[in-house]
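1. just to be clear, the model below is a prediction. Sequence and coordinates:
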Amino acid sequence: MSENRDRKTLVLSLRPRFADAILDGTKSVELRRQRVQAPSGAGVILYASAPVMAVVGIARIAAIVNTTPDVAWSRFRQHVGLSREEFDAYLRGTSVACVIILTEPRTLDTPLSLRHLNRTSAFRPPQSYRFLAGSDPGMLRRLAASR
């Protein structure tokens, strides 16, 4: 895969509950407190944080909307997988809600555990998100290319 394509693949860290909801189709919007700049159509690698600690699926970005928290709730509340209280707590103190609209979720047949990923090269899951790097394990780059 080319380095250019790598930069278009987002690695998202998610609580397992949210990764599961994206993959089962009950959640199609992921929120971030800071702006994410990625093109529509970009691939997304879904990393479920502790206690799962594994890449569990992939998806694609349909669109990214940067707006106020109130507008985000008004437009996307049916798709965020959060109660209003959870939504407000997560976005407290920020004036921008970055809404990542996801499409084409696909669960991996076998999750790629952090331990397994680190056998071939160092993989550092992001705190929030980052772009796939050329130094990431080849299996992740192949996974991104399979989209």
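-> Perfect, I can see it now. Residues are numbered from 1 along each chain as shown.
2. which positions within stretch 98-108 qualify as buried?
-> By neighbour count on 16 or more other Cβ atoms under 10 Å, the buried set for stretch 98-108 is 98-102, 105. (Each C-beta comes from the backbone N, C-alpha and C, glycine too.)
3. and that stretch, average pLDDT?
-> When pLDDT is averaged along stretch 98-108, the result is 97.
4. again, but for stretch 129-146
-> 90.
5. mind checking pLDDT for the nearest residue to Met139 once chain neighbours are set aside?
-> Distances taken as Cβ to Cβ, 6 or more residues apart in numbering place Leu112 nearest to Met139, at 6.3 Å, with adjacent residues excluded. We have a pLDDT of 96 for Leu112.
6. for Val65, see how far away Leu112 is.
-> 30 Å (Cβ to Cβ, to the nearest Å).
7. so if I had to pick from the two, which one is more boxed in?
-> Taking neighbours as other Cβ atoms under 10 Å, Leu112 and Val65 compare with Leu112 leading, 18 against 14.
8. right, and the more buried one touches Leu140 too?
-> Yes - in this structure, Leu112 is within contact of Leu140 by Cβ atoms under 8 Å, at 7.4 Å.
9. overlap of the contact sets of the two?
-> Residues touching both Leu112 and Leu140 (Cβ atoms under 8 Å, 6 or more residues apart in numbering): Val55.
10. picking up where we left off before, among the buried residues of stretch 98-108, which are in helices?
-> Taking DSSP state H, every one of the buried residues of stretch 98-108 sits outside helices.
11. this protein: helices as residue ranges?
-> So, for the chain - with DSSP H - the helices run 3-6, 16-23, 69-76, 84-91, 114-120, 138-145.
12. tell me where this protein has strands.
-> Taking DSSP state E as the criterion, the chain carries its strands at 9-14, 29-32, 43-48, 54-67, 97-113, 129-131.
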